[in-house]
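sequence first, then the predicted structure, then my questions.
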Amino acid sequence: MVAVFWCWLGLMAVIVATWAGRHYQLSRARRDLPPLTADMYAGPMDDLPSVSVLVAAKDEETNIDDCVRSLLSQQYPHFEVIAINDRSSDRTAEIIDRWAGADPRFVALHVRELRPGWFGKNNAMREGIQRARHDWFCFTDADCVFTSPRALAVAMRYALAERADFLSILPAHQSRSFWERVIQPACSGIMMLWFHPLRVNDPGRATAYANGAFMLMRRSCYEAIGGHEAVKTDVNEDLQMAIRAKRAGLRLRVTSNEDLYTVRMYSTLRQIWAGWTRIFYGCFRTPRRLVASILAVAVFSLLPWATALAGLLILGGDAPGRGLWAWLTGAAAVAGLMQISVMCRFYALTRSSPLYGILYPLGAAISLGTLINALWRAGGRGAITWRGTTYQGAEVIHAAAAPPGGAPQKT
């Protein structure tokens, strides 16, 4: 029994050291990969290459207007915006048609049916690419708002300076509800375990990642990786495109932003649960990675608190071995405090108040639940429903059609 206590104490020491290492990683990332800001790369823009900006929208009437307005306000010399209405049953089609009639730089496309063998967003983007005229593509999401009119120019200047073929800029999260502020950074932290930007940007490492909220790539890169045809049955097509780009020897870059654009991913606890289940399912893909993530969260995030609580209960009674439990409880408390200090810094980086970092154990517990849910689906025992379409593996189980109107159209 004593040996078990010492092993447990040793594990707490490892957890403390791991969280201390996270402090170093945060500092290094801030130093070596500072976020892009709107005041970077001041100067003329006439020499920037032309860009086709593409955004797919399914039932996005609450977001698409603000998104399009922010895109068309970009101070960029030569660009077009292509919005693809993907079988929406709300006012999305009406809104983008109105923009198409008001600005010659804007094109509205309408997808009426899901092409057999394709997932929704990938099919919509394929329709948009067929209309795109320029040598660079910028893919974004309908829930994104470009908060600076220089966002596209700064991104392009950075891509050219880094000689990037494929640039993904991580979003600045907009969180308004309690659950968003607690859970979103916790889930983002799990993603960083596998897809840290410093590893992604290292050509010598296989690690690849991209966030579909902002992907800027050369047309030649898009064609070299097979376009959306190559990822037509992937829930997380952004990650798979990044993997294909890096395997092809193309230059992949990922960085963050401070004030270029924001996204509000989910607004309710139910949306957060479903959304992060889909993300973990699509990004980790294999049960092995999901199990590894589950163990990492359980051991490094939750075990110290469970140990400290058990220790306090035992120390409050007359159980034997109280001296050993005092050491173990103290080590668990140190591990917990080290964890909170790291997560307060990380929550601040994700634009949540650092005070919400104190509630990280709650966020970690819910994140653990979404990982388990993703594992259940990865094992073939469940399906993913997203934006009205249900997927299971590489198959579409149910696809909601748009109101009658025929084949894909453009306005």
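Everything's here; your move.

can you count the residues close to the spatially closest residue to Leu269 that is not a sequence neighbour?
Leaving aside its sequence neighbours, Leu269 sits nearest to Trp179 (C-beta to C-beta, 6 or more residues apart in numbering; 4.5 Å). All C-beta atoms are positioned from the backbone trio N, CA, C, and that covers glycine. Residues near Trp179, counting by other C-beta atoms under 10 Å, number 19.

show residues contacting whichever strand or helix holds Trp179.
Here Trp179 sits within helix 178-194, counting by DSSP states H and E. Contacts with helix 178-194, where a contact means C-beta atoms under 8 Å, 6 or more residues apart in numbering, come from 173, 175, 207, 209, 264-269, 272, 276, 279-280, 283-284, 289, 293, 296-297, 343, 346-347, 350, 352-353, 356-357, 359-360, 362-364, 366-367, 370-371.

again with stretch 131-138
49-54, 78-80, 82, 107, 109, 129, 152, 155-156, 214-220, 222, 410.

so which of those residues belong to strands?
51-54, 79-80, 82, 107, 109, 214-218, 410 (DSSP state E).

helices - which of the contacts of helix 178-194 land there?
269, 272, 276, 279-280, 283-284, 289, 293, 296, 343, 346-347, 360, 362-364, 366-367, 370-371 (DSSP state H).

list buried residues within these.
Applying 16 or more other C-beta atoms under 10 Å to those, the neighbour count classes 272, 276, 279-280, 283-284, 289, 293, 296, 343, 346-347, 360, 363-364, 366-367, 370-371 as buried.

for the stretch 1-150 of the chain, what are the low-confidence residue spans?
1 (pLDDT under 70).

show me where it has strands.
For the stretch 1-150 of the chain, applying DSSP state E, counting those that start in this stretch gives strands covering 51-57, 79-86, 106-111, 136-141, 144-146.

okay, strands next: where are they in the stretch 201-350 of the chain?
Secondary structure of the stretch 201-350 of the chain (DSSP E, counting those that start in this stretch): strands at 214-218, 252-255, 261-263.

now render those strands as JSON lines, adding distance to Cys7 and mean pLDDT.
As requested, these are exported to JSON lines (distance: least, C-beta to C-beta, whole Å; pLDDT from 0 to 100):
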{"stretch": "strand 214-218", "distance to Cys7": "46", "mean pLDDT": "98"}
{"stretch": "strand 252-255", "distance to Cys7": "38", "mean pLDDT": "97"}
{"stretch": "strand 261-263", "distance to Cys7": "44", "mean pLDDT": "94"}
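
I'd say Gln25 and His196 touch.
Yes - using C-beta atoms under 8 Å, Gln25 is in contact with His196, at 7.5 Å.

just to revisit the earlier point, I'd like the strands of the stretch 201-350 of the chain as TSV, with distance to Ala17 appended.
Formatted as TSV, those follow (distance: least, C-beta to C-beta, whole Å):
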stretch	distance to Ala17
strand 214-218	35
strand 252-255	27
strand 261-263	34
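
for Ala102, find the nearest of the ones you listed.
Between Ala102 and those, the shortest gap by C-beta to C-beta is with strand 261-263, which sits at 22.1 Å.

ok, that closest one: who's next to it in the sheet?
Using DSSP bridges, the strands paired with strand 261-263 in its sheet are strand 144-146 (antiparallel), strand 172-173 (parallel).

please identify the most buried of these.
Most buried of those, by mean neighbour count (mean count of other C-beta atoms under 10 Å): strand 144-146, with a mean of 22.

circling back: only the buried subset of the ones in strands among the contacts of stretch 131-138, as a PyMOL command please.
Those of the ones in strands among the contacts of stretch 131-138 that count as buried under 16+ other C-beta under 10 Å are selected in PyMOL with:
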select buried, resi 51+52+53+54+79+80+82+107+109+214+215+216+217+218
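
between the ones in strands among the contacts of stretch 131-138, which is nearest Asp165?
In terms of C-beta to C-beta, no member of these lies closer to Asp165 than Arg218, at 5.3 Å.

which residues touch the nearest residue to the closest one once chain neighbours are set aside?
Once flanking residues are discounted, Arg218 sits nearest to Asp165: 5.3 Å by C-beta to C-beta, 6+ apart. Applying C-beta under 8 Å, 6+ apart, we find Asp165 in contact with 217-218, 220-221, 245, 250-252.

phi and psi next, for Asp165.
phi -90, psi -30 (degrees, to the nearest 10).

confidence score at it?
If you check Asp165, the pLDDT there is 98.

please apply the same query to Ala399.
60.

same question, Thr389
66.

one more: Trp376?
For Trp376, the model assigns a pLDDT of 88.

list phi and psi for it.
phi -60, psi -40.

tell me the mean pLDDT over stretch 168-186?
Throughout stretch 168-186, pLDDT has a mean value of 92.

now do the same end-to-end measure for stretch 159-166.
One end of stretch 159-166 sits 8 Å from the other (C-alpha to C-alpha, to the nearest Å).

so how far is that stretch from its chain's centroid?
Offset of stretch 159-166 from its chain centre (C-alpha atoms, centre = their mean, to the nearest Å): 21 Å.

repeat for stretch 221-229
Here the centre of stretch 221-229 is set off from its chain's centre by 21 Å, with C-alpha atoms, centre = their mean.

so which bits of that stretch are buried?
For stretch 221-229, by 16+ other C-beta under 10 Å, it's 221-222, 224-225, 227-228.

same question, stretch 328-337
In terms of neighbour count (16+ other C-beta under 10 Å), stretch 328-337 has its buried residues at 328-329, 331-336.

equivalent analysis for stretch 46-63, please.
Judged by neighbour count using 16+ other C-beta under 10 Å, the buried positions of stretch 46-63 are 48, 51-61, 63.

just give me how far that stretch sits from the chain centre.
Centroid separation for stretch 46-63 versus its chain: 18 Å, with C-alpha atoms, centre = their mean.

stretch 33-42 now?
With C-alpha atoms, centre = their mean, you get 21 Å for stretch 33-42.

could I get the contacts of Asp165 as JSON lines with distance to His134?
Compiled in JSON lines, the contacts of Asp165 are given as follows (distance: C-beta to C-beta, whole Å):
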{"residue": "Met217", "distance to His134": "12"}
{"residue": "Arg218", "distance to His134": "10"}
{"residue": "Ser220", "distance to His134": "12"}
{"residue": "Cys221", "distance to His134": "13"}
{"residue": "Ala245", "distance to His134": "19"}
{"residue": "Leu250", "distance to His134": "19"}
{"residue": "Arg251", "distance to His134": "20"}
{"residue": "Leu252", "distance to His134": "21"}
